[in-house]
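kindly generate the corresponding structure for this input.
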Amino acid sequence: MTGDNGSLAGLNDGGPRAYAYGSIYASGYHLYRDPRYLSALGGAVNFRYPTEGEPEPAYPMTSTMLPAAGMGTLRAGAGPDIACFAEFGSYGGGHGHCDNLQFVLWHNGRQVLDDHGYGPGYSSSTRLRERWFVRTIAHNCVSVDEMTQWASHSRPLFFGTHGEWEVCQAFNDNYAPGVAQARTLLLNKDVLVVVDELASEDMHTYDWVVHPETYGAVAADVALEPREPFGDPTTGYDYACIYEPRQGKVDSGCQVIANLGTRGVKISLPAQGPMELITGTDPHVGGTRGSVAFQVHADEEELYRSEKFDAAVPGPQAIEVDITGRKLLKLLVDPLGGIGCDHAVWANARLVDAQGNETYLSDLPESDQFVHGGLKRDVDYYGTKIIIEGNSYEKGLTLHPEGAAGWATWDIGGKYVKLLAELGLDNGKNEDLETGKLALRRTVIARKQADNARFVAVIEPYSEGSKLESAQIKGDKLLIRMADASEYSVDLASLAKLKEVPNALPFKPIKDRYTPPVNSQSFFQRGIERDTISWPVATMRCHQTVDDAWQYIEGEKVTIEPGRQYKVSASIVQSYNYVLPAALKLYQYDANNKVVKWEYLQQRLPWARSWREIEATFTAAEGATSAKAVVCTKGIGTLWVTPLEISAAE
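Numbers count the residues shown, from 1 in each chain. Reported below is the predicted structural model:
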């Protein structure tokens, strides 16, 4: 599932990082000599597990899909120059994001259209995680009516080779209320083609969204004028987080270029009816840093303690610490509170012996470590080049604290006299890997107002200037021409028939992966087979709010007699485990409709991804003439509950 450089996409609450499990792959190669582990390491074997002779040739990286996990990676060309990750399937757990049917694009070892994962500022006081990073608009997705997706499930229809393209096609018939979407990704050695089909019986605002990085504003061949902000970017949600939005009309297609010097991304949107182009800057303008203090200990004695490093004082700061005769060296980072974006860097950390010979700490095995995400050697927290305020470093250690502190130790045996390093905070992946310039992540939106809509985009990542000359739609054909006279075509009409080709994916309907009650064939109120529901289902969509407000599903009020025993029964299923906690409550009323008693019948309902029966009993209180059951919950996700029934206990 890695990109062309062996890195994982920054899915959900995980940041993009290279060789995230390098030590595991290195161990696997050491034990089994399977060249697939070498491909995951980029051909490099961890120093702890030396191999005899030359490493075996790297395993060829081909398109791969994990259908049960709902993800796949397309790869094209003879070399690892271009790769595209596609995400589909079910929502994740409590760290999941609303990013169904998103994609990530790699080129020449870089994520050029990425998923920032939790991103800079994730756990800061500005609540960017809830306001932006988990939201659909923060991903390379289609957004409907400027709203974040609700919890739903996609399914893959096709994954494999189709003509001259590597293809992934997936479908979601409940992408948004009353909206179905099919996304097809087609990759070759030069370009990625993205085709999105959306269908509804009602009019909607459809926004096709991607997020490139640039030194300056994105360039477009249509006039873009400043528009009113969507909201307050310091406190708002979703679109309100976008800074400096600009907008223009598109009548006959357009091109957008996001430049990082000679490399960048060209996005061509061939003529496909009127639409609007909106651009802006993602909310983590200028990067976000945490706050830390660095410490050096040796043989259980503190030798050095720094002042506070933060966004105002990020470093670099050179240090020299006397370690003459010391045997156990410990580098420690104090998070000074929360650990959000505490990307503490010990750049060029090295040991000097009495003869002046220098040894980099990143070349020595540590004896122990307690580090969030593991100790990073010669890379930053995200697995890319170490950069502190525009200064790049080939060697160093990144030590992100875990909890109250983060540390790593080395047995140095009294052989060294000095520790040298340059301390600082990495800028949270916003700086360019080669130049150190600030590369800001932008939002590019193509907007259509329609009931049914199609978006076709040709995306070219480039490293030595763009070679994409033209992309146009003639009839049902997409025609692409490159500067070297290469030509490609896509039969758009044939995409609807991909599932009919021999190697199309067998699909097991979502409803068959759950265990519904006997009297129902599907638990989706707007599910895959809408006409199969034989009883009503109450659907609760729960979105986490700043004040964690409770939300409720109420049953019908039922007549009761004081002193008699009754039972409450229903069935419940949760599609997303960030629905926090669900409880069953009962209210009893007198003849004047005043509450005479309320109580929790179950304070925590069992969490379930398949239908589960819930049942509780109660005794009608004195003076009570009616009762009503209520399911209450809060959090993020979707909760389905069958009608809450109150009946006499047997």
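
got any ranges where the stretch 201-350 of the chain has weak pLDDT?
Applying pLDDT under 70 to the stretch 201-350 of the chain flags residues 284-289, 337-338.

mind listing the helices for it?
Applying DSSP state H, counting those that start in this stretch to the stretch 201-350 of the chain gives no helices.

now the chain
Applying DSSP state H to the chain gives helices spanning 22-32, 35-40, 128.

start to end distance for stretch 253-272?
7 Å (Cα to Cα, to the nearest Å).

buried ones in it, by neighbour count?
253-260, 263-272 (16 or more other Cβ atoms under 10 Å). C-beta: built from backbone N, CA, C; applies to glycine.

now do stretch 158-166
Under 16+ other Cβ under 10 Å, the buried positions of stretch 158-166 are 158-160, 162, 165-166.

among these, name the ones in strands.
Of the buried residues of stretch 158-166, the ones assigned to strands by DSSP state E are 158-160, 162, 165-166.

and those as CSV, adding pLDDT?
As requested, these are exported to CSV (pLDDT from 0 to 100):
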residue, pLDDT
Phe158, 89
Phe159, 90
Gly160, 88
His162, 86
Trp165, 93
Glu166, 92
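
for the stretch 151-300 of the chain, just list every one of the strands.
With DSSP state E, counting those that start in this stretch, the ranges of strands along the stretch 151-300 of the chain come out as 155-162, 165-176, 179-187, 192-200, 204-210, 213-214, 219-220, 225-226, 243-250, 254-260, 263-269, 275-281, 293-298.

nearest to Trp407, out of the ones you listed?
Of all these, strand 293-298 sits nearest to Trp407, with 8.2 Å by Cβ to Cβ.

other SSEs contacting that closest one?
Applying 3 or more Cβ pairs under 8 Å, 6 or more residues apart in numbering; DSSP states H and E, one finds that strand 293-298 contacts strand 301-305, strand 317-322, strand 328-334.

highest mean neighbour count out of those?
With neighbours taken as mean count of other Cβ atoms under 10 Å, the helices and strands packed on strand 293-298 reach their highest mean count in strand 328-334, at a mean of 23.

quick one: that one to chain centroid distance?
32 Å (Cα atoms, centre = their mean, to the nearest Å).

next: stretch 400-410.
In terms of Cα atoms, centre = their mean, the centre of stretch 400-410 is found 25 Å from the chain centre.

try stretch 99-106
Relative to where its chain is centred, stretch 99-106 has its mean C-alpha point 9 Å off (Cα atoms, centre = their mean).

now stretch 235-250: buried residues?
Within stretch 235-250, the residues that count as buried by 16+ other Cβ under 10 Å are 236-243, 245-248, 250.

where does the stretch 401-550 of the chain have low pLDDT?
The stretch 401-550 of the chain contains residues with pLDDT under 70 at 427-439, 499-550.

quick one: the strands in it?
406-411, 418-425, 440-450, 453-462, 468-474, 477-482, 487-491, 538-542.

closest one to Val179 among the ones you listed?
Of those, nearest to Val179 by Cβ to Cβ is strand 453-462, at 9.9 Å.

next, the angle strand 468-474 makes with the closest one.
160 degrees (axes from the mean of the first three to the mean of the last three Cα atoms, to 10 degrees).

list the strands paired with strand 453-462, with their directions.
Strand 453-462 sits in its sheet next to strand 192-200 (antiparallel), strand 263-269 (antiparallel), going by DSSP bridges.

CA atoms of the longest one as PDB?
As requested, the backbone C-alpha atoms of strand 192-200 are provided in PDB (Å, rounded to 0.1, in the frame of the first residue of the first chain):
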ATOM      1  CA  LEU A 192      -3.800  10.300 -13.500                       C
ATOM      2  CA  VAL A 193      -7.300  10.600 -14.800                       C
ATOM      3  CA  VAL A 194     -10.100  11.000 -12.300                       C
ATOM      4  CA  VAL A 195     -13.700  10.500 -13.400                       C
ATOM      5  CA  ASP A 196     -16.500  11.200 -10.800                       C
ATOM      6  CA  GLU A 197     -20.200  10.500 -11.600                       C
ATOM      7  CA  LEU A 198     -22.800  11.800  -9.100                       C
ATOM      8  CA  ALA A 199     -26.500  11.100  -9.200                       C
ATOM      9  CA  SER A 200     -29.500  12.400  -7.300                       C
END
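
please begin residue numbering at 33 from this point
OK, 33 is where the count begins now, so the last one is strand 224-232.

quick one, that strand and strand 236-242 angle?
Going by the same axes, to 10 degrees, strand 224-232 is angled at 160 degrees with respect to strand 236-242.

for strand 224-232, give the mean pLDDT please.
If you average the pLDDT over strand 224-232, you get 94.

the inter-axis angle of that strand versus strand 472-482?
Going by the same axes, to 10 degrees, strand 224-232 makes 40 degrees with strand 472-482.

mind putting the helices and strands packed on strand 325-330 in TSV, distance to Asn423 included?
Shown next, in TSV, are the helices and strands packed on strand 325-330 (distance: least, Cβ to Cβ, whole Å):
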stretch	distance to Asn423
strand 333-337	21
strand 349-354	11
strand 360-366	19
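
good, wrapping up.
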